[in-house]
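all I have is the shape, not the residue letters:
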C-alpha cells in the first residue's frame, strides 16, 4: 500500500512533462489527482492497520542492507497527508496562477518535490531519509532559481545553507550507522546508542543543525525570506507547508530518544523562541505581504521547535496540532496573497492602498487565515495556541525559567496577533503609514483602481484551507484520532487526548484573552509601532553573512584558479608532459629487471607503418597553414588505421578510418573561421623540442617495458575461449561492447550526448568567429558552387543510398562479423558528410533531423534495454526474445541505441557548424538579427533559387 | 619495439604541438596523443597474436586480445566528440585561435566580476606578453 502511494506520486512526476506540453498551465487541473490518490492510499493503509505499516523493498543489499524501507505511523501519516493534500491543492491552484512560460519546469519541480517529501516522511531507513532530504533541497533550489536571473543568488544562498544542513544530517546518519550497525530507523531508535552521552551530544548537534537549516531556525533563518523570490505556489508549498516542515519532522522523529535531554532542551527552546521572536518582530517591519508571511513562517516554526525542545507529551501534542493548523492557514494565506498579487500586480501593502479591493472571497480567506494565525477563536489556530500556552505553563522546568519562557511566548503571540492584523489591513488596502512619513504612498480614496475578484477555481483551494481552519477549530475533536496516533508515535504513550475549543477558565485561556486584548490595542497603534520599529533594523543580518560566505567562496576559487590560469595552454599541458618524463625516470631508476619479452612481437611490415607515422607527424608539426596541418594529420590517422589492421583489429580500424574522414570534414567546416596560416615563426622552438624528445623517450621506454612480457590476461582468455558460447556472437569485440561491458558503452554514449549539448551551449554563449571572406573572381569557374558541385551531387545520389544500406547491414551483422553500432553510425555519418560536401550552398544541405533528440533517443534506448535486462536479474543483461519466430537479442537493440547516439552527434556537428542557418538555430538568433552573422553564401543561394525557378 | 617507437613519435609530436600557441595545433596534438594512447592500450594486450578475434574462424591461441580493441573502439569515438568540442572552442570567442596575440584581459576574474566578486589583478610575466 505504501509503495502504491509513492507510485502515485511518481505517476504525477512522469505525467508532469507531457501534460505541461499538451495542456500548458492547466496541467495542474489533472496533476493534483495522482497526489490526491496518494493521500487516499495513505489514509486507507493507516485505517486498515494497527497503527503501523511497514514495507521493505531491497535497494543496496551490499551496504548494511539499505532498503527502500517505508513505514507509516501516526506521525508520518500527518506529515504525509500535509504533503500530498496541500501538494494536490497547490497544483490545482497553480493552473490559474501560472503565466504562459516555464510551465514544465514548475510542474516537474513541484511533483518531484512532492515525491521526495513523501519518501522523506515515509522513510524507515536513514539512508533513504537522507537521500530524500537532499532531493528536497535540490528541488527547492531549482524551483527558486527558475524564477529568473534575479532569483539566482537567493537560490544559491538557500542551497548553501540547506546543503550545510544536509551534510550535518549525513554526519548524524554516519554516526548512527557506525554505532548501531543498522540503517533501519525503528532499530536505531531502540538501540543502546542513546544511553552513551558523547555520541548522543554529537547527534543532537548535527540533527539540530540539519533541522534548523531546513526549518529556518536561528542562526540559519535567513534563507527563508530570501527564497521568497520564488512564485507564490512554490512559497506556499515548499516554504510554508512542506519543506520547512521536514526539519520539524526530523526533530519529532528523534524526539522519543532525545526528549528530556538537557542539551536538546536548551538548543531547541532557545533557538526556537529566539527565531520566533525575531521573525514576529521582523514581520511587523515588512511591507511586502509575502515577505511578511515568510517571517511569520519562521516565527511559527520557532514555536514548533521550542515545543519539541520542551519534550513533554503536552508540548509534543501542541506541536503536532500547531503543525496542522499552521500548514492550513499559512498555505491559505500564501495562496491568497498570490491571488492578490496576480490580480492587482503588487503585494506591497503601500501600493495596495491605491486599489479598491473588491475581492470578497480572497479577503475572507485572508481574514480567516490571519485569525487562525493570530489565535482567535473559534479557529484551529486558537486551539493550538492555547495548547501551546498550556504546554509552556506545565513545562517540567524551574519556576523562574518557566515564567520567563511563558512571558516570551506571550510576547511573541502578541506580535503575531499584531502582524496578522497588519496583514489583513494591508491586504484590504487599509494600510496606514506613520503620520509624519510624508513620502510613503498612502491611499487617498480618490482615483483608486478597482481590483476585482478572481475566478472561483483560483481562490477555491485557499478557501478550502481557510474553512478547514474554521471547521476544525469549531470541532477540533475531529482531529483527535489522528493526533493521538501521532502523539503515540512520538511519545510512546497512549494519551487520553482532549482537543476542544472550550476547556473552561484555565490559565491558558486567560493568556489568550490577554494576547487578543493587547494585540488589538497594538493593531490600533500600528503606525506608532512601525514608526518605532522600521528605522531600527537589526545591526547584523544573517543574509549578509551567507552572502559574504558565498562571495568568499567564489573569491577563493578565483584566487586559486588565478595561480594556474593563463592563456598559454602550453603551460597547462607542460605539467603532465613533465610528470610523464619524471615517471619514466623513476621507473628506470627503481625497476631492476623485467620479465623476458615474448618473441614475434615485431613484423617487418611494422617498420613501414613507423615510417609513415614519422613522416606524418613531422609534416604536421612543420605545416605552416592550417589546412596543410589538417591534411597531413590525416596521413597519421590513416597510418594508425593500418596499424590497427595489422594488429588484427578490424572493427577498430574501420572505426578509426571513418572517424578520420569525419574529423577532417568537421575541421574543414570550421577552418574558414580561422586565419589561413599559423602566426608563430617557422623556427623550431628549443623548449618544445626538448619537451617533445623527453616525453617521446618516456613514452617509448614505458611502452617497450610493458609490452609483450606476459601472456593474455585472464578476462581476455575467458572472452576468447568462452565469449561466443556465452553470448552466441562471433565478433568478440562487438560482444564485449554491447554485452560484457555494455555499461561502459552506455556511459560513453552519455559522454557523446554531453559533448553535443556542450557544443550547442558553447555556440549559444560565445558567438563563433566570422567566416573568412574568400576572394574569387566572378568570372572564375570556382565562383559558382552550383556548377562546381555537379559531379559530387550526381555521384552522391548513387553513393549515399548504397552507403546507408551498407551501414545498416553493418549494424545488423555486427554481433557476428565486422560491424556494429559505432561503425554503422560513422558510415551513415560519412554518407551525410558526402551530401553536405555535395550541396551547392550551406542551406541546401538536406539533413534537418533533430540531432539532439537522436542522441537522446540513443541513450534512452540503451537505458531502456538496460532496464529491461533487470527482468532477468541485472541491468543491461542481454535477453533473447522470440519475435514472430525470429530470434532477437536485446543487445542488438542496444547497438541500435549506440547507432542513434553516435549519428546524432555527427549530424549535430554538421548542422551546427556546417551552415549558417544551423548555427543560427543552435545559437537561437532572432530572425531579424540573423543578418548579423556574415553570410558569404547569400548570393549563390539566390542564384540557385533563380536557377530552379527557370527550370 | 615498433609499436613503442610509433607511440614515442606520436607522443613527441603531440607534446611539441602542445607548446605552440594556436588552439588548432594543440587540438592536433590531442589527436596525436589520442592515437598514442590507443596504441598503448593495444600494446597492453600484446602484439604477438594478431589474428582477428572472430569465432569460429580463428583459433583462440593465436587470436588478438579483444579487450583492448573494445576499449580503443569507444575511445576513438569519444576522442572524436572531444575533438569537435575543442574545435568549437577554438572558433568561438576571439577572431583567431592564436593565444599569443591576446591581451591578458577578460579572464576568469573579469567573468566572475559579474557575480559581485572583486576583480583579481592578474600577474603578467614576460612569457605571456605578445
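Alright, I've got the coordinates. Nothing here was measured: the structure is a model prediction, and the numbers come from that model. Numbering: from 1, shown residues only, chains lettered A, B, ... in the order given.

C-alpha only now, for contacts and for neighbours.
Fine.

report the central residue of chain B.
With distances taken as C-alpha atoms, centre = their mean, chain B has residue B:30 as the residue nearest its mean C-alpha position (2.3 Å).

helix or strand: which one has the closest residue to chain B within the stretch 201-350 of chain A?
With distances taken as C-alpha to the nearest C-alpha, the stretch 201-350 of chain A approaches chain B most closely at residue A:226, which sits 17.3 Å away. When secondary structure is defined by DSSP states H and E, residue A:226 falls within helix A:223-226.

next SSE after that helix?
Next in sequence after helix A:223-226, counting helices and strands by DSSP H and E, comes helix A:232-236.

now the residue nearest to the centre of chain B: how far from chain A?
10 Å (C-alpha to the nearest C-alpha, to the nearest Å).

how about that residue, what does it touch?
Residue B:30 makes contact with B:14, B:83 under the criterion C-alpha atoms under 8 Å, 6 or more residues apart in numbering or on different chains.

and it, how far from residue A:757?
As for residue B:30, its distance to residue A:757 is 21 Å (criterion: C-alpha to C-alpha, to the nearest Å).

with residue A:407 instead?
60 Å.

same question, residue A:112
Distance check for residue A:112 against residue A:757: by C-alpha to C-alpha, it reads 24 Å.

please say which of those two ends up with more neighbours.
The residue with more neighbours, out of residue A:112 and residue A:757, is residue A:112; 22 against 17, by other C-alpha atoms under 10 Å in any protein chain shown.

right, and residue A:833 touches residue A:665 too?
Yes. Proximity of residue A:833 to residue A:665 meets the contact threshold set by C-alpha atoms under 8 Å, at 7.2 Å.

the two: who's more crowded?
residue A:833 (23 against 20).

which other helices and strands contact the helix or strand encompassing the more buried one?
Applying DSSP H and E as the criterion places residue A:833 in helix A:821-838. For helix A:821-838, the helices and strands in contact under the criterion 3 or more C-alpha pairs under 8 Å, 6 or more residues apart in numbering or on different chains; DSSP states H and E are helix A:650-671, helix A:790-813, helix A:890-914.

contacts for whichever helix or strand comes after that helix, please.
Next along the chain after helix A:821-838, taking DSSP H and E as the criterion, comes helix A:851-869. Contacts of helix A:851-869 with the rest of the structure, by C-alpha under 8 Å, 6+ apart, involve A:746, A:749-750, A:752-753, A:756-757, A:875-879, A:890-891, A:893-905, A:907-908.

quick one: average pLDDT of helix A:851-869?
Along helix A:851-869, the predicted local confidence has a mean pLDDT of 86.

pretty sure residue A:397 sits in a helix.
No. When classified by DSSP: H, G, I helix; E, B strand; the rest coil, residue A:397 is found to be coil rather than part of a helix.

tell me the secondary structure at residue A:451.
strand.

per-residue confidence for the residue nearest to it when sequence neighbours are not counted?
Beyond its immediate neighbours in the sequence, the residue positioned closest to residue A:451 (C-alpha to C-alpha, 6 or more residues apart in numbering or on different chains) is residue A:357, lying 5.1 Å away. Reading off the per-residue confidence, residue A:357 sits at a pLDDT of 76.

sheet partners, orientation included, of the one helix or strand residue A:357 maps to?
Secondary structure assignment for residue A:357, by DSSP H and E: strand A:355-358. Pairing partners of strand A:355-358, with direction, according to DSSP bridges: strand A:449-452 (parallel).

show me how the record splits chain A into domains.
Using automatic domain parsing, the domains assigned to chain A come out as A:283-557, A:568-589+A:602-709, A:736-951.

adding distance to residue B:82, write the ones you listed out as TSV.
Shown next, in TSV, are the domains of chain A (distance: least, C-alpha to C-alpha, whole Å):
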stretch	distance to residue B:82
domain A:283-557	26
domain A:568-589+A:602-709	11
domain A:736-951	7
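
which stretch in those domains has the least confidence?
Mean pLDDT across the domains of chain A is lowest at domain A:736-951; the value there is a mean of 76.

return the distance of it from the chain's centre.
30 Å (C-alpha atoms, centre = their mean, to the nearest Å).

one more: stretch A:403-419?
40 Å.

I'd assumed residue B:61 was in a helix, is it?
No. Note on residue B:61: no helix contains this position according to three-state DSSP, which reports coil.

wait, what's in contact with it?
The neighbours of residue B:61, taking C-alpha under 8 Å, 6+ apart as the test, are residue B:49.

quick one: buried residues of the helix or strand hosting residue A:408?
For residue A:408, the element it lies in under DSSP H and E is helix A:399-427. Residues of helix A:399-427 classed as buried by neighbour count (16 or more other C-alpha atoms under 10 Å in any protein chain shown): A:402, A:405-406, A:408-427.

other SSEs contacting it?
Under the contact rule (3+ C-alpha pairs under 8 Å, 6+ apart), helix A:399-427 is packed against helix A:262-283, helix A:289-310, helix A:349-352, helix A:360-374, helix A:380-393, helix A:507-524.

list just the one of those helices that sits closest to residue A:105.
Nearest to residue A:105, of all those, is helix A:289-310, at 22.3 Å by C-alpha to C-alpha.

run the angle between the helix or strand just after that closest one and helix A:360-374 for me.
Once helix A:289-310 ends, the next helix or strand along the chain (criterion: DSSP H and E) is helix A:313-344. Interaxial angle, helix A:313-344 versus helix A:360-374 (axes from the mean of the first three to the mean of the last three C-alpha atoms, to 10 degrees): 150 degrees.

what's helix A:313-344 packed up against?
On the basis of 3+ C-alpha pairs under 8 Å, 6+ apart, helix A:313-344 makes packing contacts with helix A:87-97, helix A:232-236, helix A:289-310, helix A:360-374, helix A:380-393, strand A:449-452, helix A:456-474, helix A:480-491.

so the longest one versus helix A:262-283, what angle?
This points to helix A:289-310. Direction vectors for helix A:289-310 and helix A:262-283, defined by the same axes, to 10 degrees, enclose an angle of 160 degrees.

what angle do helix A:289-310 and helix A:399-427 make?
Taking the same axes, to 10 degrees, helix A:289-310 and helix A:399-427 form an angle of 160 degrees between their directions.

and the angle from helix A:289-310 to helix A:380-393?
40 degrees.

if we can go back for a sec, host element of the residue nearest to the centre of chain B?
Residue B:30 belongs to helix B:23-44, assigned by DSSP H and E.

my guess is residue A:221 contacts residue A:213. True?
Yes. Using C-alpha under 8 Å as the test, residue A:221 is close enough to residue A:213 to be in contact (7.0 Å).

between these two, who's got more neighbours?
residue A:213 (28 against 24).

surely that one touches residue A:207?
No. Counting by C-alpha under 8 Å, residue A:213 stays clear of residue A:207, with 10.0 Å between them.

what's around the residue nearest to residue A:501 when sequence neighbours are not counted, how many residues?
For residue A:501, the nearest residue in space outside its immediate sequence neighbours is residue A:383; the separation is 5.9 Å by C-alpha to C-alpha, 6+ apart. Residues near residue A:383, counting by other C-alpha under 10 Å, number 28.

quick one: residue A:383 and chain B, what's the gap?
Relative to chain B, residue A:383 is positioned 48 Å away (C-alpha to the nearest C-alpha).
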